[in-house]
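Colleague: okay, predicted coordinates and the sequence, questions at the end:
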Amino acid sequence: MKKSILLTLLVMLMTLTMQAQTDVKAVPPAPELEFVVQLNVNISGAYSVGETPHGRRMVIPITGGTFEGPLLKGTVLNGGADYQLANKEGNRTELEAIYSIKTDDGVHIHVRNRGIIYSGPDANGNPTFYFKAAPQFEAPTDSRYAWLNNSLYVCQPAQQSIPGGITLNVWRVK
């Protein structure tokens, strides 16, 4: 009787140990994404500040544009810029675009979009191009767009951009 109890306990312990090891190796599910808006941003001639202690600084003025999504629509306002910082090798650029948008019903929303552009070999040595960013929206808390303040977002350029600008698709991380 003692042997059967001991054997049962041993089998249970081994099963729990194997289950714990399996759980540790399991990859959790990725967050879902929900499409929010497509931004068609007009830009004008980029200019270089030159080599700085942090890399080559480029400024790309934002001159207007439009945006539309399931819950918002309007115009990109003139006056912002995309501030880019390229490393010396030129294959990696950090970007920070700061601008404002105005909804069709007159609400102003501030946008700050930070990201990375990289062209070079991937982990396996294959050529790759990577361009992703994480916009942050700052909407009035008393507006119907206050929901923009309470999520994280990711964006990437569309396959086809507008002439004289860039088209960005934005998703909310659920």
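Modeller: Thanks, I have the structure now.
Colleague: list the contacts of the closest residue to residue 31 other than its chain neighbours.
Modeller: Closest residue to residue 31 apart from its sequence neighbours, by C-beta to C-beta, 6 or more residues apart in numbering: residue 173 at 5.0 Å. Backbone N, C-alpha and C define where each C-beta goes, glycine included. Residues in contact with residue 173 (C-beta atoms under 8 Å, 6 or more residues apart in numbering) are 31-33, 151-154.
Colleague: switch the cut-off to 10 Å
Modeller: By C-beta atoms under 10 Å, 6 or more residues apart in numbering, the contact set of residue 173 is 30-34, 134, 151-154.
Colleague: same thing with residue 37?
Modeller: Counting by C-beta under 10 Å, 6+ apart, residue 37 has contacts 67-74, 101, 135, 137, 148, 153, 155, 168-172.
Colleague: do residue 48 as well
Modeller: For residue 48, the contact set (C-beta under 10 Å, 6+ apart) comprises 56-59, 84, 86.
Colleague: let's see 7 Å
Modeller: When contacts are counted by C-beta atoms under 7 Å, 6 or more residues apart in numbering, residue 48 touches 56-58.
Colleague: before we move on, what about residue 53?
Modeller: With contacts defined as C-beta under 7 Å, 6+ apart, residue 53 has no neighbours.
Colleague: gap between it and residue 85?
Modeller: Per C-beta to C-beta, to the nearest Å, residue 53 is found 11 Å from residue 85.
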